[in-house]
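Student: Output the structure for:
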Amino acid sequence: MVWGGISTRLRTPLYHVVGNLTGVRYQNEILQPLVVPTLQAIGPRAILQDDNAPPHRSAAVNTFIQQATVNRMLWPANSPDLNPIEHMWDELCRRVQQHHPPPANLGQLLQWLQQEWNGAPRAFICNLIHSMRQRCVECLAHNGGHTRY
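Tutor: Numbering: from 1, shown residues only. Now for the predicted structure:
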């Protein structure tokens, strides 16, 4: 599994998560070294949009986010996943699948993922993020059902 964060101005490094991601690991390996510095570089209006995965909602992570004064988007339980990062993962997958032959091992796969993550056009990422308002409008119009996103 890999983890990464995007914004219109910056992206975090792509992080390879080895094993199960717990709340403590999410805090120590991702939030503290990657997310908080990126959000600080973006500025005071930066908002963390994660989901309701158990590691993201652990008590330790919630405490850390409050102490680090991170602005976090509220994400109601059982809500549709409209996060633009999901489309980034799809694009990353497509780009890696264009490599031929397929990766020979995990190291090569991780190298290609990193290459494609770093090479994803900023305009593509900005379009994903700027589509957020329309994603929400369509989700509401369809009562949380299927949308074109």
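
Student: quick one, strands of the chain?
Tutor: 2-3, 15-16 (DSSP state E).

Student: Reformat those strands into JSON lines and put distance to residue 56, mean pLDDT and mean neighbour count next to each item.
Tutor: All C-beta spots, glycine's among them, are computed from the backbone N, C-alpha and C. Shown next, in JSON lines, are those (distance: least, Cβ to Cβ, whole Å; pLDDT from 0 to 100; neighbours: other Cβ atoms under 10 Å):
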{"stretch": "strand 2-3", "distance to residue 56": "11", "mean pLDDT": "96", "mean neighbour count": "16"}
{"stretch": "strand 15-16", "distance to residue 56": "14", "mean pLDDT": "97", "mean neighbour count": "14"}
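
Student: Tabulate these in JSON lines, adding columns for distance to residue 127.
Tutor: Shown next, in JSON lines, are the strands of the chain (distance: least, Cβ to Cβ, whole Å):
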{"stretch": "strand 2-3", "distance to residue 127": "22"}
{"stretch": "strand 15-16", "distance to residue 127": "24"}
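
Student: Nearest approach to residue 70 belongs to which of these?
Tutor: With Cβ to Cβ, the closest approach to residue 70 among those belongs to strand 2-3: 15.9 Å.

Student: Direction included, what does that closest one pair against?
Tutor: strand 15-16 (antiparallel) (DSSP bridges).

Student: So which bits of stretch 23-36 are buried?
Tutor: By 16 or more other Cβ atoms under 10 Å, the buried positions in stretch 23-36 come out as 23, 26, 27, 29, 30, 31, 34, 35, 36.

Student: Would you mind listing the outside residues contacting it?
Tutor: Contact with stretch 23-36 is made by 3, 5, 12-13, 15, 17, 48, 54-61, 64-65, 68, 70, as judged by Cβ atoms under 8 Å, 6 or more residues apart in numbering.
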